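K.L.:
The sequence and its predicted three-dimensional model are supplied below.
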Amino acid sequence: LLRARRKRKKMAERKGEQKQKQEDAKEGPRVAINPERRKAAKSDLLQQRLSAWRPVIHGSCVAKIFLVYSVAFIVIGGFVLDASFRAVEQSMRYDDQCTVGDPACMVEIRIDRDMNAPVYFYYHLVNYYQNHRNYVPDYNILQLTGQADAPVSGGSGTSSANECNFEDSRERDGKAIYPCGNIANSVFNDVFNASAISLSGEVQRLEGSNWDGSQIAWASDREKFKNASELNPEKVTRIGREGNLLPFPTDQDFQVWFRIAGFPRFNKLYRVINDRDLKAGDILRVQVQNNFRVEPFDGQKHIFISTTTWMGGSNFFLGSIYIISGVACGIYSLAMFIKRATDPRALGQAKNFRYCGFGAVEG
């Protein structure tokens with residue numbers, strides 16, 4: 001039996017050698033391989049022998065990390081709150097003082113704190129939902145970018161959502177409305193003019209750089225929005241749904257309105273007072289041409305003036321969140337320190353463990 005097994009083994013080896021020779025003959029002569037290339041690379045990177053820091057995360061370590069977070073959050077929150085206190089803001093509601101259609105409603109705001117230039121003049125609307133799903137996409141991008149005067153389809157390159165979907169904001173008396181859509185037809189059209197009255201009684205009309213509307217819209221919108229090259233009065237009208245004259249796309253007041261607000265209470269920049277400081281006790285007299293109706297949706301209109309700091313306008317919420325987060329991290333860090341001091345737990349050491357096989361470890 002042993003002889004037979006050895007014989008069969010030798011025959012199998014000969015067959016394997018013959019088969020290998022036949023395959024080598026088919027493949028042709030082999031290129032000699034340098035045996036040095038077969039050796040494993042001696043690089044520490046490839047052999048995974050690089051030095052590494054493997055910290056042991058224990059209670060004291062976690063407490064120190066949260067203490068650092070606590071200090072950082074409280075410091076940042078302090079700076080944010082300080083900037084928010086430095087930003088001066090005032091507002092006054094005027095829709096309850098002016099009747100709709102009044103061309104010269106006078107509103108006076110007495111300045112409570114010094115407001116150094118530039119001072120930003122906003123209008124503030126309440127209970128106006130610009131973010132409604134039927135309102136947001138209702139415009140024609142070809143009209144707004146100067147490629148067409150009538151609300152035509154954008155073709156394959158334009159989303160079908162960017163169309164004027166409601167007939168009353170698309171056509172009037174058989175003519176195409178320019179620009180069409182709910183956004184354009186509901187544009188805020190109150191007009192403001194202002195004068196500053198000092199404590200001495202001197203009246204200064206705010207105009208030019210002190211009533212600047214040249215850069216109130218985003219730079220990207222100023223570059224993107226263009227007027228149509230020509231409007232055919234027989235086919236196109238600029239009279240909107242409510243009978244008001246609609247603005248051109250290059251009108252920056254329209255571009256500011258076109259930037260949709262995410263909440264029903266929002267500010268929209270109207271003008272900037274660049275060179276005139278408003279001192280405490282001064283009076284800002286605003287003449288309002290009251291055209292925009294807010295009664296149908298139970299809304300409100302306010303005049304809002306503000307200064308800015310290094311972080312923009314006032315934002316007490318952000319500063320408060322930083323402070324609260326810092327205090328929470330500090331409390332957790334203190335709790336971890338107390339736990340570590342009153343009930344310490346020794347770290348596990350390798351010498352106290354014995355390997356039992358199959359991955360099991362017993363102490």
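P.N.:
Alright, I've got the coordinates. Residues are numbered from 1 along each chain as shown.

K.L.:
low-confidence ranges in the stretch 201-350 of the chain?
P.N.:
Along the stretch 201-350 of the chain, the parts satisfying pLDDT under 70 run over 347-350.

K.L.:
my guess is Gln255 meets Glu223, correct?
P.N.:
No - contact criterion CB atoms under 8 Å: Gln255 and Glu223 do not qualify, at 10.6 Å. C-betas here are computed from N, CA, C, even on glycine.

K.L.:
Name whatever forms a beta bridge with Ile303.
P.N.:
Met92, Tyr123 (DSSP bridges).

K.L.:
picking up where we left off before, looking at Gln255 and Glu223, which one has more neighbours?
P.N.:
Neighbour tally, Gln255 and Glu223, criterion other CB atoms under 10 Å: the higher count belongs to Gln255, 20 against 8.

K.L.:
Wait, a helix at the more buried one?
P.N.:
Yes - the assignment for Gln255 by DSSP: H, G, I helix; E, B strand; the rest coil puts it in a helix.

K.L.:
which residues touch it?
P.N.:
Shown in contact with Gln255 (CB atoms under 8 Å, 6 or more residues apart in numbering): Ala217, Trp218, Asp221, Arg222, Phe225, Pro249.

K.L.:
Please, where are all the helices along the stretch 151-300 of the chain?
P.N.:
182-185, 219-224, 252-258 (DSSP state H, counting those that start in this stretch).

K.L.:
deepest of those, which one?
P.N.:
Neighbour counts (mean count of other CB atoms under 10 Å) averaged over each of the helices of the stretch 151-300 of the chain peak at helix 182-185, with a mean of 23.

K.L.:
Mind giving me the packing neighbours of that one?
P.N.:
helix 252-258 (3 or more CB pairs under 8 Å, 6 or more residues apart in numbering; DSSP states H and E).

K.L.:
how about a cut-off of 7 Å?
P.N.:
Helices and strands touching helix 182-185, as assessed by 3 or more CB pairs under 7 Å, 6 or more residues apart in numbering; DSSP states H and E, are absent.

K.L.:
what about Thr307, how many residues close to it?
P.N.:
22.

K.L.:
how close does it sit to Ser314?
P.N.:
9 Å (CB to CB, to the nearest Å).

K.L.:
what's the overlap in contacts for those two?
P.N.:
Common contacts of Thr307 and Ser314 (CB atoms under 7 Å, 6 or more residues apart in numbering): Ala87.

K.L.:
which ones are touching the most centrally placed residue in the chain?
P.N.:
Centre of the chain computed as the mean C-alpha position; nearest residue by CA atoms, centre = their mean is Gly262, 11.0 Å away. The neighbours of Gly262, taking CB under 7 Å, 6+ apart as the test, are Asn131.

K.L.:
So which residues of the chain form strands?
P.N.:
89-93, 105-110, 119-126, 171-172, 175-177, 191-197, 203-205, 236-237, 266-273, 283-289, 300-306, 354-355, 361-362 (DSSP state E).

K.L.:
List the buried residues for the second one?
P.N.:
The reference is to strand 105-110. Within strand 105-110, the residues that count as buried by 16 or more other CB atoms under 10 Å are Cys105, Val107, Ile109.
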